[in-house]
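Q: Show me how the following folds:
(2 chains)
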2 protein chains.
Amino acid sequence: MTPETARPEGVRQGPQLTATPDNAGVDAAVAAARRVVAALLHAGGNSAAEMQDVAARLNAVADHLEGHAPPIADRMVDMWAGEGVTRHDPVTGPENAIAPPLTLTGRDDGAIEGTTTLGLPYQGPPGFVHGGISALLLDHTLGVANHWAGPSGMTAQLTLRYHRTTPLFQPLTVTGRQVAVDGRKIRAVGTIAADGEVRVSAEGLFIAKQLARPR
Amino acid sequence: MTPETARPEGVRQGPQLTATPDNAGVDAAVAAARRVVAALLHAGGNSAAEMQDVAARLNAVADHLEGHAPPIADRMVDMWAGEGVTRHDPVTGPENAIAPPLTLTGRDDGAIEGTTTLGLPYQGPPGFVHGGISALLLDHTLGVANHWAGPSGMTAQLTLRYHRTTPLFQPLTVTGRQVAVDGRKIRAVGTIAADGEVRVSAEGLFIAKQLARPR
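A: I've put the predicted structure just below:
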């Protein structure tokens, strides 16, 4: 089965649509936090790792960061200004340790795509990606696909179909494409594929509307 | 608008269906990691927080944990044994820093419910929960609702409807209920509500099937 948004021969990759992680500053700290999140799951209740000490070290880092955080109202303005928009979301954001992160690029046929490999934090059934994590990735990808193609907006309805299990620890190709615009109604579809087979497909209805940015 | 799975008068809370976080061991370390994940988003690119040093401290914790982690095959057997099943998933797992975590309890009318408050790591539009995060919470909650009611299985199809925005930093009530079983086909519905209003509703089709646990 070929993903319906697989790249046809001759179609070129276009610009990157999501933020590029830096190897410095907050991005490096967030990348390290991702390592901690995964390593905690790999270590489990292992007493040899002296979890009390690990907790103390992590709480000390949290205390430090909380002590240096600006007031939330100021931070909201900053995080939603200019290029900041794609830096903190839970799918593509290099500043968000929950995000794998997925990097998405536009294609010159109007679709978008990205590749990611998911580990233990994203597990549902033994050894496979959680169905809700696939939904998270696809909801976001469809939104970015709309942005790449033209009018974009907020999700009104999203339907996910789970065709077969999605493996952990293997590269996944995530694609999205806007398929119709009718007044304020926007439709987009997308897939998650592994080994060239579609594992999950999605179709979404979006309404052209943007919430005001904080300022 | 009343959530369709809101608790009718006189209906009592039943047993907790998800794991209880401990204030010790790996759970305490994971709770501290959650603080770090959120605090990194609150601090942002704040140079006063000396992110290079924060990255070094977090990488040192990750090095320590990775150095004490058992082989992945052994860990998979352990994490899927007995009571371990609900301890590591990305929605309710006290061992998974991605999970808010959501604690779900059974009700004597056959539905389940839980309350959680989501912060910056779960943000979609400015100040509101990401639509894909709502999908993640509901997919998992419908699965647990099936388990509470009777036959359970894997998600085959999930439809989310976004009725209005879901706020960050406010208590959200998440509910789920199995509504039909027809051979191997299982149907469940659920909602996320805030201030007594349904924000997102979901209906899912599940197929009675369990993947083998690693051993």
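Q: From A:Gln178, how far off is A:Ala149?
A: 4 Å (CB to CB, to the nearest Å). In this view, the C-beta of every residue, glycine as well, is placed from N, C-alpha and C.
Q: Can you pick out the residue with more neighbours from the two?
A: Of the pair A:Ala149 and A:Gln178, A:Gln178 is the one with more neighbours under other CB atoms under 10 Å in any protein chain shown, namely 24 against 19.
Q: Let me know whether my guess that the more buried one is in a strand holds.
A: Yes. Applying DSSP: H, G, I helix; E, B strand; the rest coil, one finds A:Gln178 inside a strand.
Q: Now A:Ala127: closest residue in space, sequence neighbours ignored.
A: Ala isn't right for residue A:127; it's Gly. A:Leu168 (5.7 Å; CB to CB, 6 or more residues apart in numbering or on different chains).
Q: what's across from A:Ile112 in the sheet?
A: Assessed by DSSP bridges, A:Ile112 has beta-bridge partners A:Gly106, A:Gly176.
Q: Run a quick neighbour tally on it.
A: 30.
Q: what number of residues lie near the residue nearest to A:Gly127?
A: Neighbours around A:Leu168, by other CB under 10 Å: 20.
Q: And it, how far from A:His140?
A: Distance of A:Leu168 to A:His140, given as CB to CB: 19 Å.
Q: So which residues make contact with stretch A:198-208?
A: A:1-4, A:129, A:131, A:134-135, A:138-139, A:142-143, A:146, A:151-166, A:172, A:184-193 (CB atoms under 8 Å, 6 or more residues apart in numbering or on different chains).
Q: check contacts around the residue nearest the centre of chain A.
A: What sits nearest the mean C-alpha location of chain A, by CA atoms, centre = their mean, is A:Val91, with 1.7 Å. Listed by CB under 8 Å, 6+ apart, the contact partners of A:Val91 are A:Ala99, A:Pro100, A:Pro101, A:Leu102, A:Leu136, A:Leu137, A:His140, A:Thr141, B:His130, B:Gly132.
Q: For the third one, pull up the helix or strand it's in.
A: This points to A:Pro101. Here A:Pro101, judged by DSSP states H and E, is contained in no helix and no strand.
Q: How many residues are close by the residue nearest to it when sequence neighbours are not counted?
A: Spatial nearest neighbour of A:Pro101, excluding adjacent residues (CB to CB, 6+ apart): A:Thr92 at 5.1 Å. Residues within reach of A:Thr92, counting by other CB under 10 Å, total 25.
Q: roughly how far apart are A:Gly183 and A:Gly150?
A: Distance from A:Gly183 to A:Gly150, by CB to CB: 13 Å.
Q: In chain A, what helix or strand scores lowest on average pLDDT?
A: strand A:13-16 (a mean of 83; mean pLDDT, DSSP states H and E).
Q: For A:Leu102, give me phi and psi.
A: phi -100, psi 130 (degrees, to the nearest 10).
Q: Contacts for stretch A:30-44, please.
A: So stretch A:30-44 is contacted by A:21, A:23, A:49, A:54, A:58, A:94-97, A:119-121, B:26, B:29-30, B:33, B:36-37, B:40, B:54-56, B:58-59, B:61-62, B:65-66, B:68-70, B:72, B:75, B:78-79, B:88, B:95-98 (CB under 8 Å, 6+ apart).
Q: mind listing which of these are in helices?
A: A:54, A:58, B:26, B:29-30, B:33, B:36-37, B:40, B:54-56, B:58-59, B:61-62, B:65-66, B:68, B:72, B:75, B:78-79 (DSSP state H).
Q: PyMOL command to pick out the buried ones of these?
A: Buried members of the ones in helices among the contacts of stretch A:30-44, defined by 16 or more other CB atoms under 10 Å in any protein chain shown, are picked up in PyMOL with:
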select buried, (chain A and resi 54+58) or (chain B and resi 26+29+30+33+36+37+40+54+55+58+59+61+62+65+68+75+79)
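Q: domain parsing for chain A?
A: Segmentation of chain A into domains, based on automatic domain parsing, reads A:1-18+A:102-215, A:20-99.
Q: Reformat those as a markdown table; add distance to B:Gln13.
A: Shown next, in a markdown table, are the domains of chain A (distance: least, CB to CB, whole Å):
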| stretch | distance to B:Gln13 |
| --- | --- |
| domain A:1-18+A:102-215 | 24 |
| domain A:20-99 | 28 |
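Q: quick one on the thing from earlier: give the contact list for the residue nearest to A:Gly127.
A: Contacts of A:Leu168 (CB under 8 Å, 6+ apart): A:Leu118, A:Gly119, A:Leu120, A:Tyr122, A:Gln123, A:Gly127, A:Phe128, A:Val129.
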